[in-house]
Structures are given as structure tokens and as C-alpha cells.
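S.K.: turn this into a model:
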Amino acid sequence: MSTLSDILEKGRSVPHHAPWPRAIADADAWTSAAQALSEGRLVLLGLWGEGSAVHMALLDEPAGTIGVLSLEGLDSAGYPSVAQLHPPALKPERAIRDLTGLEQWGLPDNRPWLDHDRWNLHYPMGKRGVPSSKTAPYAFLPAEGDGLHQIPVGPVHAGIIEPGHFRFTANGETVVRLEERLGYTHKGIEALMAGADLVRGAQLAGRTSGDSTVAYAYAFARAVEAALGFAVPPRAVSLRALMAELERLANHLGDIGTICNDAAFPLMLAHCGVLRERVLRAADAAFGHRLMRDRIAPGGVAIDLGDTGLVGLRNLLAEIRRRFPALVELYDNTASLQDRTVGTGKLRVDLAREYGAGGYVGRASGRSFDARWALRYPPYDNLIFDVPVLDDGDVNARVWIRIREVEQSLSLAEQILDQLPKGPVLTAVPFVSESREGLALVEGFRGDVLVWLRLTPEGIIERCHLRDPSWFQWPLLEAAIEGNIVADFPLCNKSFNCSYSGHDL
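M.R.: The predicted structure is shown next:
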């Protein structure tokens, strides 16, 4: 049975000064990796392209090791599709076609993904100037059967959520098929990264998905530090994790409230909304920004935590500990809520594992992976916490994972404050005279955020790929809604709470 190291050894190792291996493969080694993914021996972390190359980040989950396999020197002949053996690669490969023009052999679905027939095939990350030949409207997948009808929803929705199109095929009220079409919020983050300096790169990373600005900036900074091989001050290490836990608290509290609101129980929304607002105000007082945007930078953090901010955070944690248990009891003992959430939108354990689903989506369906625990990056290697896991896979399970993670984040934040070292919070980024690559995986509130980058000898970003956990969660929402009624889709959708902006880049 091939391991990640065996697969990488089939290729040519690339020296790149990073604490993880990368190898340049041939078509056979690339196909061997796809086969290992299809057999569940490896997990797909990311798949991206550039000009004449494609890269695949792989996780050996039991060993907790990561590696990158690359195909280089590609031309119009293309390369073997990973998706023909491993379905989770389908949307990333369709995005690669849109962004680079590279073709895949045997790609099961060659419809565009991010390109809405507006780009004239002007590839931001690859070949350019090929005239467009696409004239037909987007063809949603058919479903066969008597009495079926289609319901188009979006891309513009009520409220303030981002745009995305959902095409339901239903038999009466029962959903037979759901197909999503995304890409409406594509803003060219990766193309903007190319040629940017590290300051601009950190700003762009933090704007990939607004509710995960800390997680993206955290992963970007760690990728730069891995590439250049330098460490940040211990106090900055702790403050980064503190910001990440505050971001997790704010988002989980908000999600619990809005899920209950979609189940016609707005009282929970009101109470959870108050606590979320408390977190955002405490973050603003402590770090100068409600979302803590631009506060993490390569080399450390841009602002220190003063005594006033520290007291405010301790008061915040105490308030949540005092008020949150009553809300948990209210959720657990409200029959109308349980009637809507228990058994609704079930995601099978095997699908969660096949897609490498992270965060509360994966952990509610039996996959225990948490980058903080599996990779033990500092300061989590010196903190005590549990990773809650359930296998029911329904809306209720995803709520309970959030509840347990709120409790864990409270404990982690308290430990960080208790152990906060003194000293500087930022160190200068060193200069190197050669091209470097770096990769980092950081646990955001939705799951693991991946950043891979390559720097020029002058320290300029040559290529940067950012992968949101939603890439592997959006397809699972399609599976989870099948057999449910149309009216339960908002509830299922909110329980997943995938990012449009983080996915569309």
C-alpha cells in the first residue's frame, strides 16, 4: 500500500527550504496519487494550476503529514484528470480550466465553473488571447422521473447574503437533485497576488473571505515564514491563536443564532447576536478592529495586546461562560427546534471522509480532523483542548459541534491569556537571494484553510493559492439536501454556512 512518501518518491524531489516535501511527477505518478485518493489512503487538500503546471496538496491523515505533487511543462495536450478517479477534485479542476486554460484528460464534467462566459477565455493565471467559442447557456444536470419540476433560486437572494444559484429538481416538495452554480463573487484574488509584495499579499489574503480574515492572514503569514525559514516572537504566536479563537467564537455564536432563526426560533438569534456583538466589540477594544483585519502579518502581529484589552477579553470570556449554558439548555429543550433540526440534512460519514470535509461539517459526520490538533502548530502544541466529533451528520449535529467548539474556544482563549509571554510581537522578514516556496494549513472556523505560495529572490509573490474549506463542503450540501423538503433548504444551507467569496476567490 503506497503512502504519501512512496508517491512523492516516484517523482523528482524539489529543494525548496520548506518543512514539507514537494516532488515533480510524471503522468503515472500523478495517476497513482489520484488512485490513492480514490481508495481513501490520502486526502485531497488542494488542487491548483498556473501557466504550464498543476499542483496537488495531499494529506496522509493518520501520519499527519503533508506533501505537494506537481506536473510541470504542460502544454495544450493537458494532463490526467484527478476527478475521473476522485470526485472531490471535479470543481477545482473545472476552475483550473477557467483560470489557466489547461485541459484534463477524462474530466467527467467540462462545463466552466468560475467563468460565466464573460472572460473571453482570457486566462488570468495562464495562456491568454484565445477567442471564446462558448455560446450555449449553462446546462444544469438533468433528473429523470415522473412529476418532476425545477425551482431556480438565486443568484440574488433576500437579505444580505452573497450570490449563488441553486437549481432544485423536486417531486412535489421533496428535493430529488440540487445543483449549485457559484463563481458570482470571483474577484481575482490569486491574479492580484502575483507581483504583490508581502504587505499587499497579507492584505489580500485577509480579504479572501471577510468572516475568516484572521484565518487567511494567519495561514498566509505562516506560509511566508515556512518559505523563508524564520520564527516569530512567542508573544506573537500566542496573540495569533487568541485572535483565531475570538474569530471562531464570533462566527459560531452567530451561526447558532441564525440556524435557530431559520427554524422559526428568533429568540436564540437575539441572544446569540448579543454575545457575538460582545466578542466583536472586545476584539475592537483589544486589537483595534472588530474583525481583526490586517492585524496578523508575516513576522508576527501588527498590534500588541495592552492591559485594558486584556481585562476586556477576560470579562468577555466570563460573560459568555455565564450566559451561554442557558442558551444551550434552551436549544436542547425546545421541541419545535428539535423537530426541525434532528434528522434534517444528513451528511453520510463516508461522503465526509471522501471529500475530506473539515470543520463542523466534517466533525458532525464522523471526521475528526482539526489542523490545530493534527498538526499541533504552536501554540496549540502546548494547549489542552478536545476535538468534538459526532456521526449523526444532521443539522442538529452541526449545531452541537458548534456548541462544543464554543466551549473549547473559551478554554483555549483563557489558557492563552494565562500563559501569554512577554516580549516583542513582530520581527523583520529576512531577505533571501533565491526563490522560495511555503505552505501552511490553519484551522479556521469553517475548517482548514490552505495557503501555498512561491516567492521570487526579491521577496515578491510570484504565485499564491488560497483554498477555502468550502471547496469541499459546497458539493456535500448538494448531497445532504436530497430527500428533504424544499422548505428545509435554508436551514440546511445555514448549517453548512459555506463561503461564497472564499470559494469563488
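
S.K.: how about the helices in the stretch 201-350 of the chain?
M.R.: With DSSP state H, counting those that start in this stretch, the ranges of helices along the stretch 201-350 of the chain come out as 213-228, 234-262, 266-287, 307-332, 335-341, 349-354.

S.K.: can I get these in a markdown table with mean neighbour count, distance to residue 167 and mean pLDDT?
M.R.: The C-beta positions use only the backbone N, C-alpha and C, and glycine is treated the same way. A markdown table is the format used below for the helices of the stretch 201-350 of the chain (neighbours: other Cβ atoms under 10 Å; distance: least, Cβ to Cβ, whole Å; pLDDT from 0 to 100):
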| stretch | mean neighbour count | distance to residue 167 | mean pLDDT |
| --- | --- | --- | --- |
| helix 213-228 | 27 | 30 | 96 |
| helix 234-262 | 24 | 20 | 97 |
| helix 266-287 | 19 | 29 | 97 |
| helix 307-332 | 15 | 32 | 97 |
| helix 335-341 | 16 | 24 | 94 |
| helix 349-354 | 18 | 20 | 97 |
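
S.K.: and those as TSV, adding distance to residue 24?
M.R.: Shown next, in TSV, are the helices of the stretch 201-350 of the chain (distance: least, Cβ to Cβ, whole Å):
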stretch	distance to residue 24
helix 213-228	18
helix 234-262	33
helix 266-287	42
helix 307-332	47
helix 335-341	48
helix 349-354	27
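
S.K.: and stretch 30-46, how far out from the chain middle?
M.R.: Taking Cα atoms, centre = their mean, to the nearest Å, one finds the center of stretch 30-46 at 19 Å from the center of the full chain.

S.K.: the residue nearest to residue 116 when sequence neighbours are not counted: what's it in contact with?
M.R.: Leaving aside its sequence neighbours, residue 116 sits nearest to residue 183 (Cβ to Cβ, 6 or more residues apart in numbering; 6.0 Å). Residue 183 sits next to 113, 114, 115, 116, 504 when contact means Cβ atoms under 8 Å, 6 or more residues apart in numbering.

S.K.: and residue 93, by the same measure?
M.R.: 47, 81, 82, 83, 104, 107.

S.K.: nearest to residue 249 among these?
M.R.: Proximity of those to residue 249 (Cβ to Cβ) peaks at residue 47, which lies at 31.5 Å.

S.K.: neighbours around the closest one, how many?
M.R.: Residues lying near residue 47 (other Cβ atoms under 10 Å) number 25.

S.K.: hmm, back to that, now the residue nearest to residue 116: phi and psi?
M.R.: Main-chain torsions, residue 183, degrees, to the nearest 10: phi 100, psi 0.

S.K.: cool, and residue 69?
M.R.: phi -110, psi 140.

S.K.: hang on, it packs against residue 54?
M.R.: No: in this structure, residue 69 is not within contact of residue 54 by Cβ atoms under 8 Å, at 9.2 Å.

S.K.: how about the nearest residue to residue 61, chain neighbours excluded?
M.R.: Once flanking residues are discounted, residue 61 sits nearest to residue 43: 5.4 Å by Cβ to Cβ, 6+ apart.

S.K.: what's the pLDDT at that neighbour?
M.R.: Per-residue confidence (pLDDT) for residue 43: 95.

S.K.: after the lowest-mean-pLDDT helix or strand in the chain, heading C-terminal, what element do we hit next?
M.R.: Lowest mean confidence among the helices and strands of the chain (mean pLDDT, DSSP states H and E): strand 12-13, at a mean of 68. Downstream of strand 12-13, the first helix or strand assigned by DSSP states H and E is strand 22-24.

S.K.: following that following strand, which helix or strand comes up?
M.R.: Past strand 22-24, further along toward the C-terminus, the next helix or strand under DSSP H and E is helix 27-38.

S.K.: list the buried ones in that next one?
M.R.: Using 16 or more other Cβ atoms under 10 Å as the test for burial, helix 27-38 gives 29, 30, 31, 32, 33, 34, 35, 36, 37, 38.

S.K.: got a list of what the residue nearest to the fourth one when sequence neighbours are not counted touches?
M.R.: If I follow you right, that is residue 32. Computed as Cβ to Cβ, 6+ apart, the closest residue to residue 32 that is not its neighbour in sequence is residue 7, at 5.8 Å. Residues in contact with residue 7 (Cβ under 8 Å, 6+ apart) are 29, 32, 33, 36, 42, 58, 67, 69.

S.K.: before we move on, what about residue 383?
M.R.: Taking Cβ under 8 Å, 6+ apart, we find residue 383 in contact with 241, 412, 415, 416.

S.K.: farthest pair within the residues you listed?
M.R.: Between all members of those, the farthest pair (by Cβ to Cβ) comes out as 241 and 415, at 9.5 Å.

S.K.: pull the residues that contact stretch 137-148.
M.R.: By Cβ under 8 Å, 6+ apart, stretch 137-148 touches 111-112, 116-117, 150, 167, 169-172, 176-177, 179, 181.

S.K.: try it again at 10 Å.
M.R.: Stretch 137-148 has contacts (Cβ atoms under 10 Å, 6 or more residues apart in numbering) with 109, 111-112, 116-117, 150, 152, 165, 167-172, 176-177, 179-181.

S.K.: and that stretch, how far apart are its ends?
M.R.: 21 Å (Cα to Cα, to the nearest Å).

S.K.: so for that stretch, mean pLDDT?
M.R.: Rounded mean pLDDT across stretch 137-148 is 86.

S.K.: quick revisit: which residues do residue 241 and residue 415 both contact?
M.R.: Residues touching both residue 241 and residue 415 (Cβ under 10 Å, 6+ apart): 379, 380, 383.

S.K.: where do the strands of the stretch 1-150 of the chain begin and end?
M.R.: For the stretch 1-150 of the chain, the strands defined by DSSP state E, counting those that start in this stretch cover 12-13, 22-24, 43-50, 53-60, 65-71, 79-80, 104-105, 148-153.

S.K.: in the sheet, who's paired with residue 170?
M.R.: Beta-bridge partners recorded for residue 170 (DSSP bridges): residue 149, residue 175.

S.K.: for residue 502, see how far away it is.
M.R.: 29 Å (Cβ to Cβ, to the nearest Å).

S.K.: quick check: the farthest pair among the buried residues of helix 27-38?
M.R.: So, the buried residues of helix 27-38 by Cβ to Cβ: farthest apart are 29 and 38, at 15.1 Å.
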